[in-house]
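Colleague: here is my input, please return the structure:
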Amino acid sequence: MSRIEDHLRQLEEYNQQLQRRYDDLWRKYDNVLQQSNDPVFGARQGNADGKGVPGAVNLRPASLMRQNQEQTGEGGAGEPSAGRRRTGEPEANEDEEDEPTASSSSPSARARQSRGHVRSQTGLSGAGQRVGDEWSGVMDDYVENRGPYSPDMRPLRVPGDVSFREGLEIRTKDDFFTLEFHNLTQLDLRIFDRTGDALHDNFVIPRQRWYFQGQVSPYAYYYTAINRGYGSLDILDSWVDFNFAPKYKAQLQFRVGRMKTPYTYEYIKISESDLIAPERSLFVGNFAGNRQLGVMAHGRVFEQVVEYYVGVFNGPRRSFEDDNNSKDVYTFLNFTPFIHSGIDWLDHLNLGGSVNGGTERNPTQPAQLSTANDQSTSASIINVSPTFLTFNSNAFENGMRMQWSGDLAYYYKSFTMLTGYQGGFQNYSLAGAPVQEIKAFNNGTAAFVGVGSSRRTRVPLEGWSIAATYFLTGEQITRRVYLTEPVRPFGFYNGRLNPGAIELYSRFANLQVGDQIFTGGFANPALWANRANAIDTGVNWYLNHYVRFYFDWQHAMFNNPVLLGTNKFTKHEDLFWFRTQVFF
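Modeller: As a prediction, this is how the structure comes out:
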């Protein structure tokens, strides 16, 4: 009786959650009904983010349904109107889970039927974690099916299901264990004007990634990404999210491992497969904290109005270890103040802010500042991206670093705007000899030992960017995660050629490094620039949910002539950029 009462209380709580979701879905559904046909290609506008209500599910109250049937003539005698679809509305997916029914045999079965998971923006690098309402019956079923404890007991063997939607997914029947596999393949053709040693026209593989993610019990979610880009094959991410109350997992989780550090909306909220332009803006691409080892708490609170990240990390960008005892603190907050307001055009306004700081003592990372590269430790980036500043070989990061950012992201129907302002400073010093020689001399390894200086120079950093996009073909998004399902996927069907999704975009980005970078002897002013602007303009063409083409023209401008080879300099660079991408 006690267990039945517990289940009844859980059902009551879950019903309340369903009611809140129903109210929100009804409001969004009503907005969808008021949309008009898109004038381009005659495509019906729809919500490509999956937050609309499928056409085969009608959540309208019965009185409104009858009124609508009388006005439209739908729902004839003997034909249930709830199963009919309005012209231009998307069909319900066959694999969508149904709402819970009284005939469900177990709590976990009811959970599978009513699963309301959505892709979470938790700083992932491509694949997204599923976060939604959890059902404690998963553990009830697991313990019950396992039976009484015995010495040397082995885990329970449970049959599973295999399915594919955004990736290949294996899930046990009791939902205790899941495994998802995702793939990201990118191939670039980069054509430069002007060229010189070492910058040449190139075919490039910027990213080949494989993602493995899922859960082991409702209390642990794992994520591993393997990457091959300009450098060698290596572990990109490897972390686990722990929670101690699945019911509140969306509000609080603890992440441990190597992960993206929470700095700027552009970096933590938008993955490399969903970028507006082929690479990130200048400041974020060069000076974001990138991936580090550490621990982080994150979640969404106040009815998901506020999303927070607070973490402690080693400090060196794109690193696997630290070179001093000090650790860096990173914080990021994102507000969606109008998400429950009912004001459709303000629903998806995001206001973000982030701060990080710590004491560094490590080699410069990145060693070169460039316009078309997301930080890499490989020297080959100078072959594939315009470089406007290279640090001298005896320069190293030494002392306090602080960075801050203010961000705005706005999504409304087919329009997106993303803007951010970043600032901060970094202390640098000079070693008595090239850093690489010092490392090799002391112990013959890559360890950063025997490098130090009491003289430090503070170098200010500043940058900003603004980007705007618009889907000509009527697709609508409320975040840049798992973009995008076209209204009419590319191909020959229904007697015509269908276009896929076409997104126009433009972005202006600025980066300024203080003159102290030259006066302090950390870079050569006769060879390099410390201020850069880059304009990216182009088209994203989505054939379907999994295949995307980028067509980009980047015009970069520098305050000083930068080196392109022997006696060859330029104050501007044009990059014509063609990228193919497959992500699932």
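
Colleague: now tell me which helix or strand of this structure has the poorest mean pLDDT.
Modeller: Least confident helix or strand of the chain, by mean pLDDT, DSSP states H and E, is strand 46-47 with a mean of 38.

Colleague: sketch out the low-pLDDT regions of the chain for me.
Modeller: The chain contains residues with pLDDT under 70 at 2-3, 6-7, 27-28, 30-137, 436-446.

Colleague: show me where it has helices.
Modeller: Under the criterion DSSP state H, the chain contains helices at 2-33, 62-72, 107-114, 137-146, 265-269, 282-287, 435-443, 516-519.

Colleague: list the helices and strands the fifth one packs on?
Modeller: Contacts of helix 265-269 with other secondary structure elements, assessed using 3 or more CB pairs under 8 Å, 6 or more residues apart in numbering; DSSP states H and E, are made with strand 328-335, strand 348-363, strand 395-412, strand 415-430. No exception for glycine: its C-beta is placed from N, CA and C like everyone else's.

Colleague: identify each buried residue in the third one, please.
Modeller: The neighbour-count criterion (16 or more other CB atoms under 10 Å) identifies 395-399, 401, 403-407, 409-412 as the buried residues of strand 395-412.

Colleague: swap in the shortest one?
Modeller: Neighbour-count burial for strand 328-335, counted by 16+ other CB under 10 Å, picks out D328, Y330, T331, F332, L333, N334, F335.

Colleague: what is it packed up against?
Modeller: Applying 3+ CB pairs under 8 Å, 6+ apart, we find strand 328-335 packed against helix 265-269, strand 306-313, strand 348-363.

Colleague: run through who's touching the shortest one.
Modeller: Identification of contacts with helix 265-269 by CB atoms under 8 Å, 6 or more residues apart in numbering yields 121, 123, 260-262, 280-281, 284, 288-289, 309, 332, 334, 350, 352, 354, 405, 407-409, 418, 420, 465, 479-480.

Colleague: same check on the second one?
Modeller: Identification of contacts with strand 306-313 by CB under 8 Å, 6+ apart yields 121, 123, 255, 261-262, 268, 289, 292-301, 327-336.

Colleague: what subset of those is buried?
Modeller: Among those, those classed as buried by 16+ other CB under 10 Å are 121, 123, 255, 261-262, 268, 289, 292-296, 298-300, 327-328, 330-336.

Colleague: tell me, how many residues neighbour Q16?
Modeller: Using other CB atoms under 10 Å, Q16 has 10 other residues around it.

Colleague: no, scratch that, I was asking about P316
Modeller: 25.

Colleague: try T473
Modeller: 22.

Colleague: that one against P489, yeah?
Modeller: No: with contacts counted by CB atoms under 8 Å, T473 stays clear of P489, the gap being 10.5 Å.

Colleague: need the overlap of contacts for those two.
Modeller: G500.

Colleague: just to check, P499 is in contact with T473?
Modeller: Yes: the pair P499 / T473 is scored as a contact, 5.8 Å apart, by CB under 8 Å.

Colleague: what's the distance between A447 and R258?
Modeller: Distance of A447 to R258, given as CB to CB, to the nearest Å: 19 Å.

Colleague: sorry, that was for I268
Modeller: Taking CB to CB, one finds I268 at 15 Å from R258.

Colleague: what does T484 give?
Modeller: Going from T484 to R258 by CB to CB gives 29 Å.

Colleague: what bridges to L430?
Modeller: Under the criterion DSSP bridges, L430 forms beta bridges with A395.

Colleague: residues near G520, how many?
Modeller: G520 has 20 neighbours, counted by other CB under 10 Å.

Colleague: and the helices and strands packed on strand 328-335 as a markdown table, adding distance to S217?
Modeller: Formatted as a markdown table, those follow (distance: least, CB to CB, whole Å):
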| stretch | distance to S217 |
| --- | --- |
| helix 265-269 | 26 |
| strand 306-313 | 23 |
| strand 348-363 | 32 |
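
Colleague: among the ones you listed, which is the most enclosed?
Modeller: Comparing these by mean neighbour count (mean count of other CB atoms under 10 Å), helix 265-269 comes out on top with a mean of 26.

Colleague: centre of the chain to it, how far?
Modeller: When distances are taken as CA atoms, centre = their mean, to the nearest Å, helix 265-269 is centred 6 Å away from the chain's centroid.

Colleague: the residue nearest to P316 when sequence neighbours are not counted pairs with what?
Modeller: Leaving aside its sequence neighbours, P316 sits nearest to N362 (CB to CB, 6 or more residues apart in numbering; 4.3 Å). Beta bridges link N362 to E397 when assigned by DSSP bridges.
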